[in-house]
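J.: Okay, sequence plus prediction incoming.
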Amino acid sequence: MIKLKLPDGSVREHDKPLDGLAFAESIAKSLAKKAVAIKLDGEMKDLTTLIDRDAEVEIVTRETPDGVDLLRHDASHVMAEAVQELFPGTQVTIGPVIENGFYYDFARAEPFKAEDLERIEQRMREIVDRDEKITREVWTRDDAVAHFKKIGEHYKAEIIASIPAGEDVSIYRQGNWLDLCRGPHLPSTGKLGKAFKLTKLAGAYWRGDSRNEMLQRIYGTCWANDNDLKAYLTMVEEAERRDHRKIGREMELFHLQEEAQGSVFWHAKGYRIWQALEQYIRRRIDAAGYMEVKTPQLLDSKFWEQSGHWSKFRENMFVVPDEIPSTEEDAPVLSGKAKLMAIKPMNCPAHVQIFKQGVKSYRDLPLRMAEFGCCHRNEPHGALHGLMRVRQMTQDDAHIFCREDQITAESVAFCELLLSVYRDLGFDEVKVRLATRPDVRAGEDAVWDRAEKGLADAVEAAGLDYSVAPGEGAFYGPKLEFHLKDAIGRTWQCGTIQLDFVLPERLDASYIGEDSARHRPVMLHRAILGSMERFIGILIENYEGKFPLWLAPVQAVVTTITSDADPYAEEMLQAMRAAGLRAEIDLRNEKINYKVREHSVAKVPAIFVAGRREAEERTVSIRRLGSQQQETLPLDQAIAALVAEATPPDLR
């Protein structure tokens, strides 16, 4: 008998081997209709996979996360088949699943046009209607290379040729169309359904290398049903409306330009948001016992070699020769012989240098060291995206040097601080992930075992639910990632705490223990906002520019109905500024409705309107953003109410 264990712990016995679909049917015919694949001992497999041994089996349906990913995988293949039917001679390269969708890169002499997407979509629907059977075949590597070369698929042949000689390859046949793929796949194209949409065109270098030829990428999205697709497309429309770059221009917060790739020009109004946020975080970490430091931008490469960043992270660093450049016209600017330095991509090695100054005792720990550190990372030009992906960033960074017996308490305290900050900023829904050891890492497995257990114990002690992200830790240690959900349902990974036994060892940090011997501290790398730039971008989109009063760049505008009230308006402005409000004045000779509309578009939370009557009675009419109503209050009372509302949450 074959014993098959289901996720609920129940065991079903079968007297002979059966495939995944038959197993699903043995449970319920309704389940078999929804099934798209199986998990065999945790590994995704085709429904046609024969189960001939005892195993743990899970039926994967189209509505599950694994099922949706499988639909997206198949949608990329159906799209590739449609493209090659419509545009003969087009070569296919790779087509992976990505968050919320998929893409496929194509090599074609003529560029695709936006109107081609509808034609491709229509052909995809026809391929779904054909219900082409999808089957897996195993070929030798050399036969597969020869086949794809013969049909003119040179990119695909190159991919297969990179597989070690003697290994077989997995080929999926979709009707008469073939593609290299590990699988799994749906049983047929009809199972895909039609809840998909092609979304945009882009360029992409072959194998992601700018030295290679440019390919054409088609992006799409795919969902389990039409309702999910419609909800996603609605969210995308809303996200475009909230785009921080568009709102940033409208509100005059910041700008970006070609001459400073990936660096932000903060305008006065945008920098007010920055300052309000930084001052708030500074107060929170000061109250939590952090000491703030400032470290150099430029460090000798030896620190990065010792830390491991030089070998593991150098492609993301700006490297600088330590020499005076030549000013002679015919001479090279740089000799190429100078010692190398690097602009810091992160603060941790510099913080270790501060820790190492003087002798530290076990009584000095934990030592919490914070810095609003300006860092630079050499991101590819094509990856840059407004405030969300930059080259110059300021992190609300900190490192906690502690004893191993202090890991849990320090991690729990950090989790509580982070969640409190997120609530203050309007984010109540936060998910936690434990990211474990990556393939490329520093340190022994035994050290990683201790580090991963330490973080798991900490998050459990904090009473937080979490999921595991295998292989997604930093090269020096595992980490907890905190993913917050915004107003339109998107998630953003911002905060993190990383447990590191490796860096203190590599940089020779130590403290004197109770036994009078030298010990290595544990280093907790942690951030709440992540980068100031990105978090402000998230705030702009979350609030659609309509910030809570304490964060608003302009908290109120004073404006007049008639010029008779101008002196009173000036008096109002001075009183508001004296009370600490970020207020401006508008005395233009324009109709009041025009001025109110203009300041509403600029997302000003409160407009104080004064005319002759208000000046005589020393009152003010207040119009709030998003409201058609207006209230009239004595000036002192109105200012006091606004000051109370504008008080940052930690000071209330």
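T.: Yep, that arrived. Numbers count the residues shown, from 1 in each chain.

J.: From residue 216, how far off is residue 156?
T.: Distance, residue 156 to residue 216, by CB to CB, to the nearest Å: 16 Å. Glycine gets a C-beta too; all of them are placed from N, C-alpha and C.

J.: More neighbours: which of those two?
T.: Counted by other CB atoms under 10 Å, residue 156 and residue 216 do not tie: residue 156 has more neighbours, with 22 against 19.

J.: ok, and the closest non-adjacent residue to that one?
T.: Ranked by CB to CB, 6 or more residues apart in numbering and with sequence neighbours excluded, the top spatial neighbour of residue 156 is residue 148, at 4.4 Å.

J.: Please report the distance of that neighbour from residue 213.
T.: Applying CB to CB to residue 148 and residue 213 gives a distance of 17 Å.

J.: Could you pull out the helices in the stretch 451-600 of the chain for me?
T.: Here the stretch 451-600 of the chain has its helices, by DSSP state H, counting those that start in this stretch, at 502-506, 532-543, 566-578, 592-601.

J.: give me phi/psi at residue 382?
T.: phi -70, psi -20 (degrees, to the nearest 10).

J.: no, scratch that, I was asking about residue 348
T.: phi -60, psi -50.

J.: now do the one 4 residues further on
T.: Per-residue torsions, residue 352: phi -60, psi -40 (degrees, to the nearest 10).

J.: where's it relative to residue 547, distance?
T.: Residue 352 is 37 Å from residue 547, by CB to CB.

J.: likewise residue 50?
T.: From residue 50 to residue 547 the distance is 59 Å (CB to CB).

J.: So if I had to pick from those two, which one is more boxed in?
T.: Between residue 50 and residue 547, counted using other CB under 10 Å, the more crowded position is residue 547 (22 against 11).

J.: tell me the contacts of that one?
T.: Shown in contact with residue 547 (CB atoms under 8 Å, 6 or more residues apart in numbering): 273, 539, 553, 603, 605.

J.: Widest-spaced pair of the residues you listed?
T.: 539 and 605 (14.4 Å; CB to CB).

J.: Off-centre distance for stretch 375-388?
T.: 13 Å (CA atoms, centre = their mean, to the nearest Å).

J.: mean confidence score for it?
T.: Mean pLDDT, stretch 375-388: 90.

J.: And that stretch, what's buried?
T.: 375-379, 386-388 (16 or more other CB atoms under 10 Å).

J.: okay, these in a markdown table with distance to residue 347 next?
T.: Listed next are these as a markdown table, based on distance: CB to CB, whole Å:
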| residue | distance to residue 347 |
| --- | --- |
| 375 | 7 |
| 376 | 12 |
| 377 | 13 |
| 378 | 17 |
| 379 | 18 |
| 386 | 24 |
| 387 | 20 |
| 388 | 21 |
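
J.: Among those, which one sits closest to residue 578?
T.: Among the buried residues of stretch 375-388, and counting by CB to CB, the member closest to residue 578 is residue 387, at 32.9 Å.

J.: Can you get me the start-to-end distance on stretch 374-394?
T.: 4 Å (CA to CA, to the nearest Å).

J.: Next one: the spatially closest residue to residue 540 that is not a sequence neighbour from residue 441, what distance?
T.: Once flanking residues are discounted, residue 540 sits nearest to residue 244: 4.0 Å by CB to CB, 6+ apart. Distance, residue 244 to residue 441, using CB to CB: 34 Å.

J.: Who has more neighbours out of these two?
T.: The residue with more neighbours, out of residue 244 and residue 441, is residue 244; 24 against 21, by other CB under 10 Å.

J.: Residue 385 is in contact with that one, correct?
T.: No - in this structure, residue 244 is not within contact of residue 385 by CB atoms under 8 Å, at 9.7 Å.

J.: which residues of the stretch 151-300 of the chain fall in helices?
T.: 154-161, 226-241, 244-250, 268-287.

J.: Identify the residues contacting the third one?
T.: Under the contact criterion CB under 8 Å, 6+ apart, helix 244-250 has outside partners 253-256, 270, 386-388, 536-538, 540-541, 544-545, 601-603.

J.: And for the first one?
T.: Outside helix 154-161, the residues that touch it by CB under 8 Å, 6+ apart are 91-94, 107, 141, 144-145, 148-149, 169, 179-180, 206.

J.: Show the average pLDDT along that helix.
T.: pLDDT averaged over helix 154-161 gives 93.

J.: so how far is it off the chain centroid?
T.: 32 Å.

J.: starting at the chain centroid, how far to stretch 216-229?
T.: With CA atoms, centre = their mean, you get 20 Å for stretch 216-229.

J.: same deal with stretch 401-421?
T.: Distance of stretch 401-421 from its chain centroid, counting by CA atoms, centre = their mean, is 23 Å.

J.: now swap in stretch 445-456 and tell me
T.: 25 Å.

J.: who does the closest residue to residue 361 other than its chain neighbours bridge with?
T.: Leaving aside its chain neighbours, residue 361 sits nearest to residue 512 (5.1 Å; criterion: CB to CB, 6+ apart). Beta-bridge pairing for residue 512 (DSSP bridges): residue 361, residue 518.

J.: Cross-check the contact I'm expecting between residue 512 and residue 363.
T.: No - counting by CB under 8 Å, residue 512 sits too far from residue 363 to count as a contact (9.2 Å).

J.: The two - which one has more neighbours?
T.: Higher neighbour count among residue 512 and residue 363: residue 512, with 15 against 8, using other CB under 10 Å.

J.: can you tell me the helix or strand for the residue nearest to residue 156?
T.: Per DSSP states H and E, residue 148 falls inside helix 141-150.

J.: Going by contacts, tell me the helices and strands next to that helix.
T.: In terms of contacts (3 or more CB pairs under 8 Å, 6 or more residues apart in numbering; DSSP states H and E), helix 141-150 is packed against helix 154-161, strand 168-174, strand 177-180.

J.: CA-only coordinates of the last one in PDB, if you can.
T.: Read that as strand 177-180. The C-alpha coordinates for strand 177-180 follow below in PDB (Å, rounded to 0.1, in the frame of the first residue of the first chain):
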ATOM      1  CA  TRP A 177       5.200  24.800 -29.600                       C
ATOM      2  CA  LEU A 178       8.300  23.800 -27.500                       C
ATOM      3  CA  ASP A 179      10.200  25.500 -24.800                       C
ATOM      4  CA  LEU A 180      12.900  24.700 -22.300                       C
END
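
J.: which residues sit against that strand?
T.: So strand 177-180 is contacted by 77, 80-81, 84, 92, 132, 144, 147-148, 156, 159-160, 169-172 (CB under 8 Å, 6+ apart).
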